[in-house]
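K.L.:
Okay, sequence plus prediction incoming.
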Amino acid sequence: MPSSKTREVSISALLLAVTLVCVAAVLLITVYLMWAGLPAISEIGLGNFLLGKEWASTSSNPKFGILPFILTSVYGTFGAILIGVPIGIGAAVFLSKIAKGPVKRILTSAIDILAGIPSVIYGLIGMLTLVPGIRKLFGLPDGASLLAAIIVLAVMILPSIIKLSAVALDSVPKEYEEASLALGSTPMEAYLHVSIPAARSGIIASIVLGIGRAIGEAMAIMMVSGNVANMPSLFGSVRFLTTAIASEMSYSSGLQRQALFSIALVLFAFIMIVNALLHLILKKGKKHE
Amino acid sequence: MKQEPIIRCRKLSLWYSKTQALKDITIDFYPNSVNALIGPSGCGKSTFIKTLNRLNDLISEVRTEGEVFYRNTEIRDPGLDVTDLRKEIGMVFQKPNPFPMSIYDNIAYGPRTHGIRNRSELDDIVENALKSAALWDETSDRLRKSAMGLSGGQQQRLCIARAIAVQPQVLLMDEPTSALDPISTAKIEELLSVLKEKFTIIIVTHNMQQAMRSSDTTSFFLLGELVESGNTEQVFSHPHDKRTEDYITGRFG
Amino acid sequence: MKQEPIIRCRKLSLWYSKTQALKDITIDFYPNSVNALIGPSGCGKSTFIKTLNRLNDLISEVRTEGEVFYRNTEIRDPGLDVTDLRKEIGMVFQKPNPFPMSIYDNIAYGPRTHGIRNRSELDDIVENALKSAALWDETSDRLRKSAMGLSGGQQQRLCIARAIAVQPQVLLMDEPTSALDPISTAKIEELLSVLKEKFTIIIVTHNMQQAMRSSDTTSFFLLGELVESGNTEQVFSHPHDKRTEDYITGRFG
Amino acid sequence: MNRRQAAGICSRILVLASATIVIAILAFIICEVVGRGAGSLTWQLISTTPSYLNGTIGILPDIANTIYLLLFSLVLALPIGVISAIYLTEYAHPGKIESCIEFAIETLSGIPSIIYGLVGMLVFCQLFNFKTSLAAGACTLAIMNIPTVIRTVQESLKTVPQSYREGALALGSGKGHTIWTVVLPNAIDGIMSGCILSAGRVTSESAALLFTAGFAHSLVPLSEALSSPGASLSVALYVYAKEQGEFGVAFAIAIMLLIITFLINLAAMMIAKAKKKQI
Amino acid sequence: AKEKASVSTDGSTSMEKVIGALGEAFMNQNPGIKFTYNPTGSGSGISAVKEGRCDIGLSSRALNDSEIAEGLNQTVLAYDGISIVVNNSNPVTGLSIEQLALIFTGKIANWKEVGGNDQTIVVIGREAGSGTRDGFETITGTKESCLYRQELTSTGDVIASISQNPAAIGYASLSSVKDTVKTLKVDGVIPSEQSIADETYKIQRPFIMVTSNARTLSPSAQAFFDFAMSAGTESIISNAGAVDAK
Ligand SMILES: Nc1ncnc2c1ncn2[C@@H]1O[C@H](COP(=O)(O)OP(=O)(O)OP(=O)(O)O)[C@@H](O)[C@H]1O
Ligand SMILES: Nc1ncnc2c1ncn2[C@@H]1O[C@H](COP(=O)(O)OP(=O)(O)OP(=O)(O)O)[C@@H](O)[C@H]1O
Ligand SMILES: [Mg+2]
Ligand SMILES: [Mg+2]
């Protein structure tokens, strides 16, 4: 029988091997997206691809410029953050500091359920109520627009912002708030001036996570954004990076199909940047503790 | 006794939902004195001092009975503005708990909360508070650095300075040295004798020697009761109660 | 000195990454004695006894120097089979830590780990261990119930029984009574005098009275140094070192 | 009223309003879904397969497919996730490989499902030649779920008191043995919530499945499920709403999905409660 | 284990009803054969046949020259009418093909120019690659010049959006149109089985089955092919909303 020491070492090695599946998966995804996405980029030209303002994938003289998609994704995400973050942080403060008993339980479940609702349902309801609502409210010929997508995205990222921010607020040592109260501040002042700054890194992480979610969402916004490859405008019909892939993939062939994979590659690059940012923030937050 | 008591407590009882943590506490604290509260763990010392600045309000299901006066204000009054009360009665906690901000902002936090925005006024307050807490020399060149970088003892003095900065009348201290090394402890004990010239100090301690060394009066709590209270020398040399004697000779606790 | 020491420690130093927690500790422990380790918080008592059963291995970035022998085995030897070592040197912790299983399974855990499967053999071991820890009478009718239902004092005796069940030679105890009430404390102190007939006991304590009451030798640690070590009576009545005297008279800590 | 009081009231209102908005959104969604779908949610819908000849719609195959996907993806994700969590919390020392793994896990959990769908299609459907099938869908979902399982199990492992490990090690138990006998039994709740959260993701996922598992509505037995394409409930919702304009059916499915989401949350809450009691 | 004989089809989503019904009837007749249909879109159906990923591809547009050159074969199974639909509240009842072309290319921008209310026209279409869009644009001669306000990815979306917007116009497969929207006459003809079969309704497209010259069909696939093209399936196809091509 091997000594206990070698046994422990070999167990550890075995477990490590399984754990590396995650790394392998990330590598696989990266390699495959490059393999599938690079040919079209090299054929179209990186500049034409990223900065081209026109997307006409099926015309006899096809154009593959994805600047409208990139800008739409950026604006859409930014808008969703603009709406979602204040509400999210407000609700997180309520959840973590004020709510008690049944109110807290109900709010927690509500957030969990919102997080679990399939995105298709958000899209469906958005299409049937939000889009006509926007049309009537703003007196537009049609309501399918960037604005509708922004609202749907804001709602969809709310749960993760609230949950993560609430966790960050929960983990602020109670001593800080006590100290603030003992100095004669009101509870609300303690939350605003001490708890939120102390939970900063967690809250920022939740926002970055929200950005990632918003950039990656496809199914819901496809149904409310009109889906035309215009340059973005708030009340105009727009197409996102994700919806560009989802809407044409099933009918595509040839260079068009390859270009769709190139869009996926660009999307992936965005996500990797967001992830790296998140990683940095979390790491910095850990160091701070 | 020469003066009016600054805090006057009559038959104070306190319940955490159903369990009684304080039983009929009657005690007076006089201005410009250091008052030690001793007793084994769980006897209600922290609970008692937190009723004095209503920090127990944070815990739902706390119920009190009896009377507690700060000068002529009934502390238990539900209509009382607790922020005013806490401005008068400051507190320092067991674990040093500076805010995760700069040293300056820590001290300025209280005055800012109470509406002082003027820059040079704040500068003065910060300097004076740090000097009163004997921390000015060590920190005057790093006021903008994070308070988290200070040592434990420095952090605790910072917390004292922070409490002083709102110019309270009474300072509550809950085992302020139990997390500190002997040298920092000595520094803070020294500070007590200076601070009592301006403030009334009520200090909880586990360390009998500390109570003996630095307090004017000592009160012994046991299981929520105030067993004995009086002049420190007298309590330690001639305790009235058998339980006090057992405790101070280390027979339990 | 009548016998060979069972644990022999020469110039043992220990670092947590860069900070040194133990400095040149040289000390011997003899069989069938109770050895108290005292000293203020953070002085390295726990660190010291955890080097004796290599539980410090759990912490990465621990580095030791010097020699520590258990009989003729160098404890620090990286090739040593620590499971064998820990079978010889048992440990009881500050907070009672029974596993969340039945009382029986708790005691049988060690023997099972070391390969004993036979049912009646296990029954015997469990019974004897519980009897040695003076817990048999209280638990014999509820062996299959969860150990988490026991009181704090009973849980701590269960942990002692669990340690005894693998028949160690040395028992390390890290403040085994500091989380317990006075009555449970008395029971465990009583137990010590019985257990020392079979084991060598090394016990960390914060309570000077406890050290005086129940130990044969006492060692005083301060900031990672072994300041003084010797016969308990002598250390408490005529400490050689000024720091020891300061500590046992409560001047700090 | 002074400035301080005004600010206090304002911030109070803002915080309260935010929380109200969240509840209101959920209430609105539930009302919409139930209002539009309740009429179509019949036993016949749940218990039959669709027939083009009769022009009837039934979602039994979609329910079965959802269950198949759940089973297959958990069978893959659970062992890998649990083992990885054990390695990371119990064995790993901070180092290059570990931070690499950490980064990989974070990355995996941040990748949008549409990218999983595309890569799943390239790798599982084409490279591994699984074609468009539940097997390809399940493999894709498994990879999506591994980070969730790892994180929940890790959380749970971290709550197992260190004193249990110390206690076992001090008795001479080896590390592996300690984990198996003392640590893992106390982390069962984490493993279960890992399962439950994954289940939630599997039922609500659509983008990743469209490209990998397809959207056929035929009922297949378990033995053939792996090689057949099939729609899960979420995909069926998508297809019925979008391709066929059957909004009643779509919202009926949405009601079912909401109920499943609710049950999943209930289960997760109960597990957390049980764990709390135990400690 | 022995695999059950099977036929796999893959392609146009518009053909779902027709092919689903045919498949179901076929399986009722041949219980030993498993029929699968994967509604992925015309383009993918065509490439699936080319790459051998399915037996029969389904396309709702005719193959183009390069596809035929790659060795693919097409067989017209049925014809499908493309209905022009507007919101139920829209007073307009019919348009000419010329008017349609002008509307879809943005040259007519207000309903009042074609006899409707004073409202900006909202043009809703399908995504690039859709067989329906290809059919519509080819027939109206608006290829590559349509100005859409929304490009939706499915028939259901088009109908839902139009039903929500009084100013919208769009096109959708005849078989999918329900009474939530209003079907317009084109050149005075309302689309119906009759008007499509006699070609008086102009906007129509073929449903084709695509096979590869490079491979011969498996016996079961051939059986399905023959079944679909047999005379007995007329009623199945017309019940599914299309017009039989035989
Ligand atoms: N929030 C609470 N809810 C319920 N009971 C409490 C709460 N806080 C304290 N108690 C109980 O009240 C009693 C007194 O506690 P308190 O913290 O005042 O003791 P203490 O004398 O300060 O002890 P220590 O010296 O350990 O700080 C204890 O029995 C404690 O368990
Ligand atoms: N895991 C660790 N990493 C780094 N430093 C540590 C670690 N554990 C303990 N230390 C440090 O080593 C020193 C000795 O700690 P140790 O726990 O041995 O003290 P102790 O005498 O047991 O104190 P106490 O009476 O509070 O239990 C302390 O300064 C402590 O901060
Ligand atoms: Mg206390
Ligand atoms: Mg210790």
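P.N.:
Done, it's in. Numbering: from 1, shown residues only, chains lettered A, B, ... in the order given. Ligands and ions are numbered 1, 2, ... in the order given.
K.L.:
Show me which residues of chain D sit near chain B.
P.N.:
Counting by C-beta under 8 Å from any C-beta of the partner chain, the residues of chain D close to chain B are D:3-4. Using the backbone N, CA and C atoms, a C-beta is placed for each residue, glycine as well.
K.L.:
Which stretches in chain D count as helices?
P.N.:
Under the criterion DSSP state H, helices of chain D are mapped to D:3-37, D:43-47, D:60-86, D:96-110, D:113-120, D:134-159, D:162-170, D:175-178, D:188-204, D:207-212, D:222-225, D:233-242, D:247-278.
K.L.:
Over the second one, what's the mean pLDDT, rounded is fine.
P.N.:
If I follow you right, that is helix D:43-47. When pLDDT is averaged over helix D:43-47, the result is 90.
K.L.:
Which other helices and strands does that helix contact?
P.N.:
Using 3 or more C-beta pairs under 8 Å, 6 or more residues apart in numbering or on different chains; DSSP states H and E, the elements in contact with helix D:43-47 are helix D:60-86, helix D:247-278.
K.L.:
Sort out which residues of the last one are buried, please.
P.N.:
Burial within helix D:247-278, assessed by neighbour count using 16 or more other C-beta atoms under 10 Å in any protein chain shown, is assigned to D:247-258, D:260-261, D:264-265, D:267-269, D:271, D:275.
K.L.:
How about the first one?
P.N.:
Residues of helix D:60-86 classed as buried: D:60-70, D:72-74, D:76-78, D:80-86 (neighbour count, 16+ other C-beta under 10 Å).
K.L.:
Show me what that helix is packed up against.
P.N.:
helix A:4-44, helix D:43-47, helix D:134-159, helix D:188-204, helix D:222-225, helix D:233-242.
K.L.:
In CSV, list the helices and strands packed on helix D:43-47 along with mean pLDDT and distance to ligand 1.
P.N.:
Shown next, in CSV, are the helices and strands packed on helix D:43-47 (pLDDT from 0 to 100; distance: least, C-beta to the nearest ligand atom, whole Å):
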stretch, mean pLDDT, distance to ligand 1
helix D:60-86, 94, 34
helix D:247-278, 85, 17
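K.L.:
Let's have the ones you listed in CSV, adding distance to E:Ala240.
P.N.:
As requested, the helices and strands packed on helix D:43-47 are exported to CSV (distance: least, C-beta to C-beta, whole Å):
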stretch, distance to E:Ala240
helix D:60-86, 20
helix D:247-278, 18
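K.L.:
returning to that earlier point: closest to B:Ile49 out of the helices and strands packed on helix D:60-86?
P.N.:
Smallest distance to B:Ile49 across the helices and strands packed on helix D:60-86 (C-beta to C-beta): 32.8 Å, for helix D:134-159.
K.L.:
so who does B:Glu127 touch?
P.N.:
B:136, B:140 (C-beta atoms under 8 Å, 6 or more residues apart in numbering or on different chains).
K.L.:
what about it, distance to B:Gln209?
P.N.:
B:Glu127 sits 33 Å away from B:Gln209, taking C-beta to C-beta, to the nearest Å as the criterion.
K.L.:
ranges for the strands of chain B?
P.N.:
B:7-16, B:19-29, B:34-38, B:62-70, B:73-74, B:89-92, B:170-174, B:200-204, B:217-222, B:225-231 (DSSP state E).
K.L.:
Quick one: closest of the ones you listed to A:Tyr176.
P.N.:
Short answer: strand B:89-92, nearest of the strands of chain B by C-beta to C-beta, at 13.4 Å.
K.L.:
Go through the residues of chain D and report the one nearest to chain B.
P.N.:
When scored by C-beta to the nearest C-beta, chain D has D:Arg4 as its residue closest to chain B, at 6.6 Å.
K.L.:
Which of the three states applies to the residue in the stretch 151-289 of chain A positioned nearest to chain E?
P.N.:
Nearest residue of the stretch 151-289 of chain A to chain E: A:Tyr251, at 2.8 Å (C-beta to the nearest C-beta). Here A:Tyr251 is recorded as coil under DSSP: H, G, I helix; E, B strand; the rest coil.
K.L.:
What backbone torsions are found at it?
P.N.:
For A:Tyr251, the backbone dihedrals are phi -100, psi 0 (criterion: degrees, to the nearest 10).
K.L.:
mind listing what it touches?
P.N.:
By C-beta under 8 Å, 6+ apart, A:Tyr251 lies in contact with E:41-44, E:127-130.
K.L.:
Same question for D:Ser173.
P.N.:
C:83, C:109-110, C:113, D:181-182.
K.L.:
Please name the nearest non-neighbouring residue to D:Ile255.
P.N.:
Among residues not flanking D:Ile255 along the chain, D:Gly37 sits closest, at 4.6 Å (C-beta to C-beta, 6 or more residues apart in numbering or on different chains).
K.L.:
What is the burial count for the one you found?
P.N.:
By other C-beta atoms under 10 Å in any protein chain shown, the residues close to D:Gly37 number 21.
K.L.:
just checking, it touches D:Leu257?
P.N.:
No - taking contacts as C-beta atoms under 8 Å, D:Gly37 lies outside contact range of D:Leu257: 10.1 Å.
K.L.:
Can you tell me the strand partners of the particular helix or strand that has E:Gly81 in it and which way each runs?
P.N.:
In the assignment (DSSP states H and E), E:Gly81 maps to strand E:72-87. Using DSSP bridges, the strands paired with strand E:72-87 are strand E:168-173 (antiparallel), strand E:181-183 (antiparallel), strand E:204-212 (antiparallel), strand E:243-244 (antiparallel).
K.L.:
thinking again about what came up before, quick check: the residue of the stretch 151-289 of chain A closest to chain E vs E:Ser44, distance?
P.N.:
With distances taken as C-beta to C-beta, A:Tyr251 is found 7 Å from E:Ser44.
K.L.:
Turn the helices of chain D into TSV, including distance to E:Asn28.
P.N.:
Formatted as TSV, the helices of chain D follow (distance: least, C-beta to C-beta, whole Å):
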stretch	distance to E:Asn28
helix D:3-37	31
helix D:43-47	20
helix D:60-86	17
helix D:96-110	45
helix D:113-120	34
helix D:134-159	24
helix D:162-170	62
helix D:175-178	58
helix D:188-204	32
helix D:207-212	29
helix D:222-225	19
helix D:233-242	23
helix D:247-278	23
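K.L.:
And for the lowest-mean-pLDDT helix or strand in chain D, what's in contact with it?
P.N.:
Within chain D, judged by mean pLDDT, DSSP states H and E, the helix or strand with the poorest mean is helix D:222-225; its value is a mean of 81. Helix D:222-225 is contacted from outside by D:64-65, D:68, D:72, D:134, E:4, using C-beta under 8 Å, 6+ apart.
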